[in-house]
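> A predicted structure for the sequence below; I have some questions about it.
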Amino acid sequence: MYYYSSFKKEIMSSNKKIEEGLEHIRNAEKSLKTSLLKWRPDYENAADEYNKAATCFRIAKSHEQCKDCLLKAVECFKQNKALFYAAKALDQCILVCKELGDLREVASFAERAANMFQTQGNAESAAASLDKAAKILEAQHPADALKLYQHAAEVVMIQDSTRQAAEYINKVARLHVKLQQYDLAADAIRREMGLHEQNESYQATGRLTVALVLVQLTRGDVVAAEKAFKEWGNYCEGAEVQTLEALLQAYDEEDAEGAQRALNSPFIKHMDVEYAILARDMPLPEGMTVPVVKKEQTVAPEMSEGLIEKVSTLSTGDTETGKEDSKTSENTDATEDDYEGGLC
């Protein structure tokens, strides 16, 4: 009985909020109407009313109506040249889409919000909006999240915020690995290493050296992996250096067991999830065998049949000749036997 009454109260409260939201929508529509004495719509008041209606619908968990009101508020803010508040409303739309479980428009909302924030000169809010949307998309739509992280990195680089840019590039590199885009992943890792080098974050650069070697080995390019280690290995710690040396030597000598031992190193297993999975699934050197080249025939294929025929003919001829010779010798022997006793 208690649960029933509680559920009933919740429904009544929800209905009340929906009615309140509808009232705000009516007020917003009135503000947008013009008349003889009111030549221009009151976009500011309409945007405020739509925002209030969206809040009511959110409380009532009517997310579709909430989203519609927020988008109408965005248009009113734009008409009133209040781009910052329009962008904030789009940020709210992203969260509502997450509640609805419909992520199709999240990327476009984030891009629009970021552009509005940048127009207002607020790069930090632009990057934060892109980052928020990318985190929502990362699990189910990694390709869309990748583009948002790339945009976020570009935004903060304009402000010379290299530390924050390195964080976004790190996410870009990990998503490239997740999508098995290893060439792009290697480029992103090198870019991140360059940013860490500028910031004198040498420990992070050392860890990324390990990641770059793993990516190059997964690409099947042992030479590039060795080159990366020679170029950046001085930033690695002692354990990392020993592991990478053992790993590269194992691949150079096609020693699968040695490579597996190196890949089971604790610090590799405790790297970012994408790199740990990469190390677990990467092909071992025994799978990189050189295909055996078959010896070419010294005789052309089209000539072989003719040669075989000639050889068989010659052999047959030799056999027949042998037979004739044997017959001749037999006849000669017989004749000699006939005349052995002399002439009588």
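Yes, it's here. Just so it is clear, the model here is predicted, and its values are computed rather than measured.

> can you map out the helices along the stretch 51-200 of the chain?
63-79, 83-100, 106-119, 123-137, 142-158, 162-178, 182-198 (DSSP state H, counting those that start in this stretch).

> May I see the buried residues of the longest one?
Right, the one you point to is helix 83-100. 83, 85-98 (16 or more other CB atoms under 10 Å). Backbone N, C-alpha and C define where each C-beta goes, glycine included.

> Mind picking the two most distant members of those residues?
Farthest apart among the buried residues of helix 83-100 by CB to CB are L83 and K98. That separation is 23.3 Å.

> gap between the residue nearest to L130 when sequence neighbours are not counted and V177?
The shortest distance from L130 to any non-neighbouring residue, by CB to CB, 6 or more residues apart in numbering, is to A152 (4.1 Å). As judged by CB to CB, to the nearest Å, A152 and V177 stand 18 Å apart.

> likewise N51?
41 Å.

> try L103
In terms of CB to CB, L103 sits 22 Å off from V177.

> So these two - more neighbours on which side?
Set L103 next to V177 and count neighbours by other CB atoms under 10 Å: V177 wins out with 24 against 17.

> Need the phi and psi values for N234.
For N234, the backbone dihedrals (degrees, to the nearest 10) come out as phi -70, psi -10.

> Which pLDDT does the model give it?
pLDDT recorded at N234 is 91.

> Show me how the record splits the chain into domains.
13-120+127-137, 187-287 (automatic domain parsing).

> will you turn those domains into TSV that also has distance to A143?
Below are the domains of the chain laid out as TSV (distance: least, CB to CB, whole Å):
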stretch	distance to A143
domain 13-120+127-137	9
domain 187-287	14
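
> residues contacting the closest residue in space to E253 that isn't next to it in sequence?
Spatial nearest neighbour of E253, excluding adjacent residues (CB to CB, 6+ apart): P285 at 7.7 Å. By CB atoms under 8 Å, 6 or more residues apart in numbering, the residues touching P285 are 250-251, 253-256, 259.

> And these, which of them are buried?
Buried by 16+ other CB under 10 Å: 250-251, 254-256, 259, out of the contacts of P285.

> Show me the residues you listed that map onto helices.
Per DSSP state H, helices hold the following members of those: 250-251, 256, 259.

> and which of the buried residues of helix 83-100 is nearest M271?
Nearest member of the buried residues of helix 83-100 to M271, counting by CB to CB, is K98, at 28.8 Å.

> Let me see the contact set for the spatially closest residue to that closest one that is not a sequence neighbour.
What sits nearest to K98 in space, not counting adjacent residues and going by CB to CB, 6+ apart, is I136, at 5.3 Å. Contacts for I136 (CB under 8 Å, 6+ apart) come out as 94, 97-98, 103, 106.

> do that again at 7 Å, thanks
The contact partners of I136, taken as CB atoms under 7 Å, 6 or more residues apart in numbering, are 94, 98, 103, 106.

> Farthest pair within the residues you listed?
I94 and L103 (9.2 Å).

> can you list the ones in helices among the buried ones among the contacts of P285 in JSON lines and add distance to I25 and pLDDT?
Output for those, formatted as JSON lines (distance: CB to CB, whole Å; pLDDT from 0 to 100):
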{"residue": "A250", "distance to I25": "68", "pLDDT": "93"}
{"residue": "Y251", "distance to I25": "66", "pLDDT": "93"}
{"residue": "A256", "distance to I25": "68", "pLDDT": "91"}
{"residue": "A259", "distance to I25": "65", "pLDDT": "92"}
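
> Rebuild the residues you listed as a markdown table, extending it with distance to Y43.
Listed next are these as a markdown table, based on distance: CB to CB, whole Å:
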| residue | distance to Y43 |
| --- | --- |
| A250 | 68 |
| Y251 | 65 |
| A256 | 69 |
| A259 | 65 |
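
> between the residues you listed, which is closest to E20?
A259 (65.9 Å).

> which ones are touching the spatially most central residue of the chain?
Nearest residue to the geometric centre of the chain (CA atoms, centre = their mean): L179, 2.1 Å. L179 sits next to 142-143 when contact means CB under 7 Å, 6+ apart.

> What separation do you get for it and K52?
42 Å.

> which intervals of the chain have sub-threshold pLDDT?
1-12, 287-344 (pLDDT under 70).
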